[in-house]
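Peer 1: let me see the structure of the following:
(chains A and B)
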2 protein chains.
Amino acid sequence: METQNPAEPRVVIIGAGFGGLEAAKHLGGKPVCVTVIDRTNYHLFQPLLYQVATAALSPADIAAPIRGILGKYENIEVILGEAQSIDVARRVVRTMEREIPYDYLILATGSRHSYFGHDEWEKLAPGLKSLEDAVEIRRRILMAFEFAEKTEDPAARAAAMNFVIIGGGPTGVEMAGAIAEIARETLAKDFRHIDPSKSRVILVEGGDRVLAGFPEDLSASALKQLQALRVEVRTGVHAENLTDAGLEVAGEFIPCRVKIWAAGNAASFVGKTLGVPVDHAGRVLVQDDLTIPGHREVQVIGDLANFTSAKDGKPLPGVSPVAIQQGHHAARNILHMIAGAEPQRFYYWDKGSMATIGRNKAVADLNIVHFSGFPAWLAWLFIHVLYLVGFRNRIAVLFQWAWAYVTFNKGARLITRNFQAEQRPLG
Amino acid sequence: METQNPAEPRVVIIGAGFGGLEAAKHLGGKPVCVTVIDRTNYHLFQPLLYQVATAALSPADIAAPIRGILGKYENIEVILGEAQSIDVARRVVRTMEREIPYDYLILATGSRHSYFGHDEWEKLAPGLKSLEDAVEIRRRILMAFEFAEKTEDPAARAAAMNFVIIGGGPTGVEMAGAIAEIARETLAKDFRHIDPSKSRVILVEGGDRVLAGFPEDLSASALKQLQALRVEVRTGVHAENLTDAGLEVAGEFIPCRVKIWAAGNAASFVGKTLGVPVDHAGRVLVQDDLTIPGHREVQVIGDLANFTSAKDGKPLPGVSPVAIQQGHHAARNILHMIAGAEPQRFYYWDKGSMATIGRNKAVADLNIVHFSGFPAWLAWLFIHVLYLVGFRNRIAVLFQWAWAYVTFNKGARLITRNFQAEQRPLG
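Peer 2: Next up, the predicted model:
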């Protein structure tokens, strides 16, 4: 109940992703009044979202109620709501319902997909950012097999068993590998009129290699591991002319029912309401202490921030370690400022990165050492379980993975209706 | 792949609930060609649906893919589809897409809620039959607390913290108990401006006692156990004048945001297309061998059947043991008929019934002995885990129950959008 002390500085954190949640936890129990605003009532462990989309995990396995995580901190209140804009002059956050004043603001609203001007493609090729996205993609994949089993039209059947993933970054590679595994193993015995193992999984990447953010040797290894799962990888080509029936790649029309978008991100619109410069993807150009020009009480972190280190002149990637470290730093900066000191410069400690491709298949770049295959997959497994928020989820996920590993089964193969399904039935 | 022998008799089973699935399993590996038709791709363990609605379990915990269960039987094919009608003269099932011929038919399409002529109440007070229903009810319950936390209008806040359940059968009692537990324990520390433990949970029952299908001593015990959870039980009164703002009970208007319907069932419409007599609830009046008059190749089982034993002249209740035993019997009847014998009379073996009210709270009627409280709850737990379809789900559910029991926590407190939410935002 009412336990916040109104005399203390008011900190508002918008977004309870990796960055916002880390900042909130660090401010828990400190002499500040914290308000966390999020559009959903849960923190989502996005790195495992592709496993919900491919029926290996349930939504609740990778989502933890924000109130449950922060409930123990009496100085933190949580509001389910959506920030519309920030009035930096008056120091208020505007939601649909009211204005929320702040003394310090941490903006961590993240990003959505970008269709590079082709917004009409979103319905044809959904991206993977939210639980709703994941459930919709899962439904489309499973429905494609159901349709192929039922139809008597060979062309329609072939199109239903072609899966195209657009974008060869970590999400695209993970989705391609997971769909190939479902088709080749999980569903192998489920049908009578089709052989799911004959599905084609096609990964389209505009650049010259998959996992372009990784060192070249790991890209090459990822390509080999994808090919071992019979994923067809096409690099240096772009998806064009998306329709219900398929898409064009390098002049060739590929008939396909299920298309998945993993090609681009655009920062949340809230960043643009700050009135400071943003980059081409809508990310706020933050200063080296994460604050924005002219307003040291406003910090922007995570996917919404363009933090460019002087060293290589490139912005930090939109990955969870960056968001977590920035969330921690932003919280510390606020405590510094309250104590009368200046906000401090942010340094990113890059511990490396990894991507998984499938069972026993992954790549890991730990800076000093690169590895791939089974050891990389084990490392990936270990790190992801370690970082999963909430002890319960960790056990539940471990159990389901162990089960799937032993049985080649996926437990969450449910086709559930949702609003998109109702509005635009496939087929 | 194509493994059915077209020379063998064709058995069509419509509905993969408890009855249909049991019949299919019994026919697996027998010299018949079996086609199972269901509207969803999963078998739903309906007795635990209220736990999804009250955030204790995830949809995937109580649903198992039908193809996964039946995939090992090469003589069974599964079709995702919806039967529109049965042409008993031509012996075909009509779906939206095609006609499916049969030599033997088992009709097991179950029931939905009935609003006794007030269909407009369905949106105001959803019932609990499908996973979509459960997720929608979960969303409404959790959103009510979120709304109460945010609103500054004391009347609206009070209305959001009143929960009315209409119907005092097993589902109504289970929902009332579970909501009371969430409010009093799970959410106790989650909010800053409201005290969820002060929520009112009101159970409205038109008859003179809750659990009218149970012996009177167990109804009295259930009432006591509900009262221990501070559920307000009102018997002998009916819900009237449902609106968004609340409902009227015995002339008193109860303002409440969340209303849940657990008051009545109506059999699936498919039964009416058989052209044989149905009862007031739309259930098909079956003969004592489960066949319909004039068509011994058509059997109707489970919630869709009105099977009245000569002994007490009452129809068997719509519970899973009846459906399972009838499914088994129907499959045996078909094998008998193929062997040239007559279908046999069905006898129900009533092993008793139980209902749970909450943590350590339940009632059990094992015919020769009645018990309640902790021993009944343990028995309930044991039986439900035993009957949960699929080994994986059994472990997952046990784990989540153990976790919830120790921590008083519920893991699946997610508010996710679905089509109903999109069409009619609660506000």
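Peer 1: residue contacts, the residue nearest to A:Thr243 when sequence neighbours are not counted?
Peer 2: Distances taken as Cβ to Cβ, 6 or more residues apart in numbering or on different chains place A:Leu124 nearest to A:Thr243, at 7.0 Å, with adjacent residues excluded. No exception for glycine: its C-beta is placed from N, CA and C like everyone else's. Residues counted as contacts of A:Leu124 (Cβ atoms under 8 Å, 6 or more residues apart in numbering or on different chains) are A:Leu242, A:Thr243, A:Asp244, A:Lys259.
Peer 1: now with 10 Å?
Peer 2: By Cβ atoms under 10 Å, 6 or more residues apart in numbering or on different chains, the contact set of A:Leu124 is A:Tyr115, A:His118, A:Leu242, A:Thr243, A:Asp244, A:Ala245, A:Gly246, A:Leu247, A:Val258, A:Lys259, A:Trp261, A:Arg424.
Peer 1: checking it next. Helix, strand or coil?
Peer 2: Here A:Leu124 is recorded as coil under DSSP: H, G, I helix; E, B strand; the rest coil.
Peer 1: repeat for A:Gly318
Peer 2: Under three-state DSSP, A:Gly318 comes out as coil.
Peer 1: need the per-residue pLDDT for it.
Peer 2: Predicted confidence (pLDDT) for A:Gly318: 90.
Peer 1: just give me the neighbour total for it.
Peer 2: Using other Cβ atoms under 10 Å in any protein chain shown, A:Gly318 is surrounded by 18 other residues.
Peer 1: with the one 5 residues further on instead?
Peer 2: For A:Ala323, the count of nearby residues is 27 (other Cβ under 10 Å).
Peer 1: show me the shaky parts of the stretch 251-400 of chain A.
Peer 2: A:389-393 (pLDDT under 70).
Peer 1: now do 80
Peer 2: A:309-312, A:386-400 (pLDDT under 80).
Peer 1: strands of that one, residue ranges please.
Peer 2: Assigned strands in the stretch 251-400 of chain A, in chain order: A:252-255, A:258-261, A:265-267, A:284-285, A:291-292, A:295-300, A:305-306, A:353-358, A:361-365, A:370-372 (criterion: DSSP state E, counting those that start in this stretch).
Peer 1: to A:Ile165, which of these lies closest?
Peer 2: strand A:258-261 (4.8 Å; Cβ to Cβ).
Peer 1: for the closest one, which helices and strands make contact with it?
Peer 2: helix A:131-150, strand A:162-166, helix A:170-181, strand A:200-205, strand A:239-243 (3 or more Cβ pairs under 10 Å, 6 or more residues apart in numbering or on different chains; DSSP states H and E).
Peer 1: what would those look like in CSV with distance to A:Ile334?
Peer 2: Below are these laid out as CSV (distance: least, Cβ to Cβ, whole Å):
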stretch, distance to A:Ile334
helix A:131-150, 30
strand A:162-166, 40
helix A:170-181, 32
strand A:200-205, 41
strand A:239-243, 43
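Peer 1: of these, which is nearest B:Arg157?
Peer 2: Using Cβ to Cβ, the helices and strands packed on strand A:258-261 put helix A:131-150 closest to B:Arg157, at 28.3 Å.
Peer 1: can you get me a residue count around the residue nearest to A:Pro6 when sequence neighbours are not counted?
Peer 2: In this structure, A:Pro6 finds its nearest non-sequential neighbour in A:Cys33, 6.9 Å apart by Cβ to Cβ, 6+ apart. When neighbours are defined as other Cβ under 10 Å, A:Cys33 has 21 of them.
Peer 1: and if you look at A:Glu174?
Peer 2: 25.
Peer 1: dump the residue contacts of the closest residue to chain B within the stretch 101-250 of chain A.
Peer 2: For the stretch 101-250 of chain A and chain B, the shortest gap (Cβ to the nearest Cβ) falls at A:Asp190, measuring 3.8 Å. With contact set as Cβ under 10 Å, 6+ apart, A:Asp190 has these partners: A:145-146, A:149, A:196, A:413, B:41, B:65-68, B:70-71, B:78.
Peer 1: which one of the contacts of A:Leu124 sits in the busiest neighbourhood?
Peer 2: A:Trp261 (27 neighbours).
Peer 1: now A:His113. Nearest residue, chain neighbours left out?
Peer 2: A:Gly127 (3.3 Å).
Peer 1: over to the one you found. Which of the three states is it?
Peer 2: Classification of A:Gly127 using three-state DSSP returns coil.
Peer 1: for it, give me its contacts.
Peer 2: So A:Gly127 contacts A:112-115, A:121, A:133, A:137, A:166-167, A:171, A:260-265 (Cβ under 10 Å, 6+ apart).
Peer 1: got it, and A:Ala330?
Peer 2: Counted by Cβ under 10 Å, 6+ apart, A:Ala330 has contacts A:11, A:13, A:19-20, A:22-23, A:26-27, A:104-108, A:289-291, A:299-302, A:305, A:343, A:346.
Peer 1: of those residues, grab the buried ones for ChimeraX.
Peer 2: In ChimeraX, selecting the buried portion of the contacts of A:Ala330, with burial taken from 16 or more other Cβ atoms under 10 Å in any protein chain shown, looks like this:
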select /A:11,13,19,20,22,23,26,27,104,105,106,107,108,289,290,291,299,300,301,302,305,343,346
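Peer 1: show me the contacts of A:Ala330 that map onto helices.
Peer 2: Judged by DSSP state H, the contacts of A:Ala330 include A:Gly19, A:Gly20, A:Glu22, A:Ala23, A:His26, A:Leu27 as members of helices.
Peer 1: cool, thanks, signing off.
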